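Visitor: give me the fold of what follows.
(chains A and B)
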Amino acid sequence: MDYQPPPFFSRGPAPLVRLVFFASLAVLVMVLDARFRYAESLRQVVALLVYPLQRTALVPVELLSAAAEFFTTQVALKRENDELKTRRLQDANELLILEALRAENKQLRRLLDARERLSVDSTLAEILYQGRDPFSRKVVIDKGGHQGIQAGQAVIDDIGVIGQVTRVHPLLSEVTLITDKEQRTPVQVVRNGLRAVIFGGGDRGTLDLSYMAANADVQADDVLVTSGIDGTYPAGLPVAKVSRIERDAAYSFARITCIPTAGTDQHRQVLVLSQEAGLPAPSGEAESRASGLPKQKRARKRE
Amino acid sequence: MAFLEQSQRILLPANRAYVALTFVLALLFNLLPWRDVTWLPDMVALVLTFWCVHQPRKIGIGIAWFLGLIMDAGNGALLGQHALAYAVLAFAAIGLHRRILWFSLWRQATHVLVLLLACQLLMLGARLIAGGVFPGFAYFGGSLIAAALWPTATFLLLLPQRRPESVDQNRPI
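Guide: I've put the predicted structure just below:
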């Protein structure tokens, strides 16, 4: 005879059983998210639930900044206005030169029969907050899938590249900064055109130029710009400046530390660049080779 | 009851809507746009521990798991990291709730500190395995602050459950 408690004492499964169930569910979701990226739809649903909470949490901060703006004195505004006027005069000269250079460049390119570089479309976005996840370096911007943002787009501020859109929600998107440990950016040294890949340094807010031979021609204060060969970043955007080089004969690679050009932690307004559709389409030969593979397999199956 | 370190008041039953409201407020606190503050106390974990200790029949591991999922999606963290940590936290808090309530508030806080630190260690382990960066020891400061807030949290969260103190000579309790 087995003893059964009366039904009004029943409290469902034991806590340990529940723990094992939910812990394994959590581990499953983690593995799906980290290794296979299958959990994105679940994340989208939960993110949509959290969105009103997130917006509400931003209200006090917006109120504070609005109040601070309201109390900006007229003197400060006047000073800023004067500064901007002088700045405009200084820049006007540069702009004229730029126009002339652009025209000249256009003609030279036409002469070289080179593909004209398309001017890239861009979307202005505002950084809502820095990601609260202390294990990675991300920011959240206020434009999402509804505004045409796509994962993989480059994000810049007025001085240089700050990162790449890595996750798009309907109304928000997450930008992984170039200083994140998992982020890589293809770059080129301006001085001599040396190509390399730059890695985020994680928590230190710096970048590492990895896998460069110990005798590579890199000097301190070299400027690194995007090389553009990946088709994600337009070429020539400033990324970083070399700050320190350690050449140790014991290692085959030099340790090169760089400081990001753009203020990855400073600005609020950023530009999201739409991807350049300028990559040449794969040639016909490559296509036929690619489509030929399955045919061969099918043929083998028939045999 | 003579073994309790302090006399305890008889409380009104907890209101489910109030419990839900405290969770929403804690989530709002955690979702505030904190800049580079790594030592931020995790209010959701604190409130969850509180309700698991005080109302273990109302708040369970399933609710903890779902709250964790919300935190993950809101933070853009690895999905499931908070869910796992909160589920374990709720299990430990429910298992220990009779023991914890035995002590005075500050001694309860030391128990809570251990629970919260274990919760953070779990998250740290999960993230390091998934290829994250160690955020520095200031990360554990959040648990210290949250544990120090335990007496205040107890006072605030039990506020609606306290009876008005009226001296009635004829009432036995």
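
Visitor: quick one: low-confidence residue ranges for the chain.
Guide: Let's take chain A. Judged by pLDDT under 70, chain A has its weakly predicted residues at A:1-10, A:111-120, A:203-204, A:264-267, A:275-303.

Visitor: wait, I meant chain B there
Guide: Applying pLDDT under 70 to chain B picks out residues B:1-7, B:35-36, B:164-167, B:171-173.

Visitor: just the helices in it please.
Guide: B:16-31, B:43-54, B:61-75, B:81-100, B:105-129, B:141-148, B:150-158 (DSSP state H).

Visitor: the stretch 1-150 of chain A too?
Guide: Using DSSP state H, counting those that start in this stretch, the helices assigned to the stretch 1-150 of chain A run over residues A:15-31, A:40-70, A:74-111.

Visitor: tell me the angle of the shortest one relative to helix A:40-70?
Guide: Translated: helix A:15-31. Using axes from the mean of the first three to the mean of the last three CA atoms, to 10 degrees, the inter-axis angle of helix A:15-31 relative to helix A:40-70 is 80 degrees.

Visitor: what comes up buried for helix A:15-31?
Guide: Buried residues in helix A:15-31, counted by 16 or more other CB atoms under 10 Å in any protein chain shown: A:15, A:18-19, A:22-23, A:25-26, A:29-30. From N, CA and C alone the C-beta is placed, and that goes for glycine too.

Visitor: got it, and the second one?
Guide: For helix A:40-70, burial by neighbour count (16+ other CB under 10 Å) applies to A:42-43, A:46-47, A:50-51, A:53-54, A:57-58.

Visitor: report whether it contacts chain B.
Guide: Yes: counting by CB under 8 Å from any CB of the partner chain, contacts between helix A:40-70 and chain B involve A:42-43, A:46-47, A:49-50, A:53-54, A:56-58, A:60-61.

Visitor: which of these sit farthest apart?
Guide: A:L42 and A:P60 (29.7 Å; CB to CB).

Visitor: quick one on the thing from earlier: which of the buried residues of helix A:15-31 are close to chain B?
Guide: Counting by CB under 8 Å from any CB, A:15, A:18-19, A:22-23, A:25-26, A:29-30 from the buried residues of helix A:15-31 sit close to chain B.

Visitor: in JSON lines: the helices of chain B, plus distance to A:D82 and mean neighbour count.
Guide: Listed next are the helices of chain B as JSON lines, based on distance: least, CB to CB, whole Å; neighbours: other CB atoms under 10 Å in any protein chain shown:
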{"stretch": "helix B:16-31", "distance to A:D82": "40", "mean neighbour count": "16"}
{"stretch": "helix B:43-54", "distance to A:D82": "46", "mean neighbour count": "24"}
{"stretch": "helix B:61-75", "distance to A:D82": "43", "mean neighbour count": "24"}
{"stretch": "helix B:81-100", "distance to A:D82": "50", "mean neighbour count": "23"}
{"stretch": "helix B:105-129", "distance to A:D82": "49", "mean neighbour count": "18"}
{"stretch": "helix B:141-148", "distance to A:D82": "45", "mean neighbour count": "19"}
{"stretch": "helix B:150-158", "distance to A:D82": "50", "mean neighbour count": "16"}
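
Visitor: that older thread, CSV please, covering the helices of the stretch 1-150 of chain A and showing distance to B:A26.
Guide: Below are the helices of the stretch 1-150 of chain A laid out as CSV (distance: least, CB to CB, whole Å):
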stretch, distance to B:A26
helix A:15-31, 20
helix A:40-70, 11
helix A:74-111, 38
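
Visitor: which among those helices is found nearest to A:R268?
Guide: Ranking these by proximity to A:R268 (CB to CB) places helix A:40-70 first, at 9.5 Å.

Visitor: that closest one vs helix B:16-31, what angle?
Guide: Going by the same axes, to 10 degrees, helix A:40-70 makes 70 degrees with helix B:16-31.

Visitor: which strands and helices lie in contact with helix A:40-70?
Guide: Helix A:40-70 sits against strand A:122-130, helix B:16-31, helix B:61-75, with contacts defined as 3 or more CB pairs under 8 Å, 6 or more residues apart in numbering or on different chains; DSSP states H and E.
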